[in-house]
Structures are given as C-alpha cells and as structure tokens.
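[1] I'd like to go over a predicted model; first the sequence, then the structure.
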Amino acid sequence: MRKPYFTPSLAVLAGWLSTAFLLIPFISLLLQVSWPSVWRVWVTSGGSPLVTSLWCTAISMAVILFIGTPLGYYLAHGQGRAWIIIEFLLLIPLLMPPLVIGLLLMYFYGPYGFMGRVLSHFGLSASNTFLAVILAQLYESIPYYVFAAQAAFNQVDRRHERVSLSLGVSPLRTMLYVTMPLASPGLIVGFAMAFARAIGAFGAVIVIAYYPNTLPVSIWIALSEQGLPGALALTLLLVVIALPLPLASVVWRRFHSDRISL
C-alpha cells in the first residue's frame, strides 16, 4: 500500500507553525502596547469614527440579511442555468481587489457616473457620504454572507422540508420554521464574517468615501499624520469591535455541532 505523503505528526507541526505565524505579531502587540496611551487615543480620536462605522455597518448588515438570505436559499435550491450564472457573477466582487471595487463604484455612483447623476436629481450623493460608505461595505461583504448562506442551506436535510410540506405546511412557513432553524449555525457564522468584513472595509471605502471617516480610514489617516503608535491604537479599537462576534459564532457552531452529534 502506498504510504501517505504526510504523517499525522507532520500535519500537527504544520498546523502549529501556521498558527504561530498568524498570531505571534498580534500577541506581541498586545504585550508591548501602552494601554494608557491607547485609551487616550480611543477617547480623543476613536469616538466619531467608531460611531460612523457602527451605524453604517448596522444598515449594511440589515440589507445583507434582507437580500442575502433568500438569495442564498435559492442558490442552494434553485435549478437551471440562471442560478449558475448568478453564482458565477457573485464571485466577481469576492475575487476583485477592494481598491478596484472602489474605483468601479466611483465610476458608476460618482458625480459623473450614470447612477450618480440619477441620485443627484433626488438630492442624494454616493461619494463622501454615509450612503457611499454603505455601498462600499455592501460590495465588499455581501458575497461572504450569500455563499455562507448557500452552504448552510445545502447542509439542511431535505427530508425535513418534504415532511413539513407533506403535512400541509406552506413553503414559506416551512422555510421559516424548519429550514431556517436547521441552517442557523451556518447563517450566524456567515453573518459574523460579513460583519467583520463590512466594518473593516477600507480599499473601496477610501476611494468613494474618504469622509465621513470610518475606523479603517481613520487608521490610515493616523498612520500618515501620527505614525505607527497612533495607528496601532485605533487598530486595536477596530479589532476589539470586529473580532468578538466572529469568534463567538465559530465557538457556538462548534458546541452546537457537538451537541447534535451526541
């Protein structure tokens, strides 16, 4: 019999080395940072960007839930070439560099773009406004939730849905009371990942919405004007806001899966 290329011990070693490579810079920062100076930066420079980021991200996530959940459901259940094309098209913003997304948004939604001129007739602007931040966050984060939702719905045992439908339950109620609860672990993780992506959006945001300052843009400004210490303090604030939800969702899904397997 042909021997495997990797032994279990080698795989474990590779896993620990990868983990150390990813985490050591962050741990080093936490051990060496001056927390009193970080707090001063948070109080003096972090309040307004934090509020802007949270408000825009909350609106973006509401939109993502509203359109991304049914889209993920139909990507998982839909048949035919149209759904394959839609899935292919959704990969484009996921694979494009964020800076390119920002340039495309500026071209289409900017003052001289087609949609920009349409919005101007209604007294709206999609450059350097809250609307611009929300648009950039949506383009950068919605594919993360849609594909996570698609995977979550694909993992639902279709027999539960067929039993519900055979008992006379409507398709909508079946989706709400059978499919959604069964898919909830994957949906929650997808939501958390999209949230972290949206609140940390920088490349597209800085092109189309330098103002109002979000936390990532403020980090860039602090790095340009104050150097690394000021930027790192705001970076830690962004980490404190963005990381807990994704980490908690992953831990919850792990325990949820363990309880089901038992």
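    Structure received. Computed from a predicted structure; not experimentally measured. Residues are numbered from 1 along each chain as shown.
[2] From now on I want contacts and neighbour counts done on CA atoms only, so please keep to that.
    OK.
[3] And for Leu31, the neighbour number?
    Burial of Leu31 is recorded as 9 neighbouring residues (other Cα atoms under 10 Å).
[4] Show me what the longest helix belonging to the chain packs onto, helices and strands only.
    Longest helix in the chain, counting residues (DSSP state H): helix 47-77. Contact here means 3 or more Cα pairs under 8 Å, 6 or more residues apart in numbering; DSSP states H and E; on that basis helix 47-77 packs against helix 81-95, helix 130-154, helix 180-199, helix 215-226.
[5] hey, which of the ones you listed is tucked in deepest?
    Comparing the helices and strands packed on helix 47-77 by mean neighbour count (mean count of other Cα atoms under 10 Å), helix 130-154 ranks first with a mean of 24.
[6] What's the first helix or strand after that helix?
    For helix 130-154, the following helix or strand on the C-terminal side (DSSP states H and E) is helix 158-166.
[7] For the next helix or strand after that next one, which residues meet the burial criterion?
    Remark: after helix 158-166, the chain's next helix or strand is helix 171-174, criterion DSSP H and E. Neighbour-count burial for helix 171-174, counted by 16 or more other Cα atoms under 10 Å, picks out Thr174.
[8] that older thread, what is the rounded mean pLDDT of the longest helix of the chain?
    When pLDDT is averaged along helix 47-77, the result is 92.
[9] Might you calculate how far that helix sits from the centre of the chain?
    Shown here is helix 47-77, whose average C-alpha point lies 8 Å from the average C-alpha point of the whole chain (Cα atoms, centre = their mean, to the nearest Å).
[10] and the angle from that helix to helix 130-154?
    40 degrees (axes from the mean of the first three to the mean of the last three Cα atoms, to 10 degrees).
[11] Identify the residue spatially nearest to the residue nearest the centre of the chain, adjacent ones excluded.
    The chain has Ala194 as the residue nearest its centroid, 1.8 Å off, counting by Cα atoms, centre = their mean. Taking Cα to Cα, 6 or more residues apart in numbering, and ignoring the residues beside it in sequence, Ala194 has Ser141 as its nearest neighbour in space, at 5.0 Å.
[12] dump the residue contacts of that neighbour.
    The contact partners of Ser141, taken as Cα atoms under 8 Å, 6 or more residues apart in numbering, are Ala194, Phe195, Arg197, Ala198.
[13] so the third one touches Glu140, yeah?
    Which is Arg197. Yes: with contact taken as Cα atoms under 8 Å, Arg197 and Glu140 are classed as touching, separated by 7.1 Å.
[14] Low-confidence stretches in the stretch 151-262 of the chain?
    Across the stretch 151-262 of the chain, the ranges flagged by pLDDT under 70 are 256-262.
[15] Apply 90 and report the result again.
    For the stretch 151-262 of the chain, residues meeting the criterion pLDDT under 90 lie at 155-182, 184-185, 209-213, 221-262.
[16] try the stretch 1-150 of the chain
    Those would be 1-20, 22-50, 74, 76-96, 110-117, 119-128, if you go by pLDDT under 90 across the stretch 1-150 of the chain.
[17] redo that, cut-off 50
    For the stretch 1-150 of the chain, the stretches with pLDDT under 50 are 1.
[18] Tell me how far Cys56 lies from Ala132.
    In this structure, Cys56 lies at 10 Å from Ala132, with Cα to Cα, to the nearest Å as the measure.
[19] re earlier: tabulate the helices and strands packed on helix 47-77 (CSV), appending distance to Gly46.
    Formatted as CSV, the helices and strands packed on helix 47-77 follow (distance: least, Cα to Cα, whole Å):
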stretch, distance to Gly46
helix 81-95, 29
helix 130-154, 17
helix 180-199, 14
helix 215-226, 7
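[20] Tell me which of those helices sits nearest to Phe255.
    Minimum separation from Phe255 across the helices and strands packed on helix 47-77 (Cα to Cα) falls at helix 180-199, 10.2 Å.
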